[in-house]
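# Dropping the sequence and predicted coords here.
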Amino acid sequence: MAYSLSYRDLEELMHERGYNVDHSTVQRWVVHYAPRIEQAFRQNKKPLGHRWRLDETYLKIRGEWKYLYRALDKQGHTVDFLLTAKRDKKAAGRFLNKAIGSNGKPSLINIDKSGANAAGSK
C-alpha cells in the first residue's frame, strides 16, 4: 500500500505494525523533535564558502504555486532555503535573516534583478 505520509497515514502505518498511536501524537512528536533534528543537521553541515548566490523559483505543491528561495555557496552547496506563499520584500528579508543567522554573514551575495531580492538584501 502506498502512503502520502499524512499524520493519519502514519497512524495507520504504525497500527499495521502493531503500534497504537494517534495521529495527534505523531503531530506532537514532529513539533517536539523537528527543531532538534534541524539543529543536529546544522551542526554536521559542511563548512560553507563566504560567497553566496541567491536564486528563486516557483514550484507547484499540491496544486498550489509556492515560491522557493535558495542560497548556494561558490562550490554549489546549499546554504539555506525557504518556501513561501508570496514573493515580496518581507519574504526575501525573512529568508536572508534566516540564512545569515544560521550560517554567518557572507562577504558577497549575488542576486538577480528581482525587486523583492534587492529590497530584502538592504
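That came in fine, so what should we check first?

# measure stretch 15-29 end to end?
Distance across stretch 15-29, first residue to last, is 17 Å (CA to CA, to the nearest Å).

# ok, residues contacting it?
6-8, 10-11, 14 (CB atoms under 8 Å, 6 or more residues apart in numbering). In short, each C-beta sits where N, CA and C put it, glycine included.

# Can you lay out these as JSON lines showing neighbour count and pLDDT?
Listed next are the contacts of stretch 15-29 as JSON lines, based on neighbours: other CB atoms under 10 Å; pLDDT from 0 to 100:
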{"residue": "6", "neighbour count": "11", "pLDDT": "86"}
{"residue": "7", "neighbour count": "17", "pLDDT": "87"}
{"residue": "8", "neighbour count": "15", "pLDDT": "89"}
{"residue": "10", "neighbour count": "19", "pLDDT": "87"}
{"residue": "11", "neighbour count": "19", "pLDDT": "90"}
{"residue": "14", "neighbour count": "16", "pLDDT": "90"}
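
# Okay, and which of those residues map to helices?
7-8, 10-11, 14 (DSSP state H).

# Now do the buried residues in the longest helix seen in the chain.
Ranked by number of residues, the top helix in the chain under DSSP H is helix 23-43. Across helix 23-43, burial judged by 16 or more other CB atoms under 10 Å covers residue 26.
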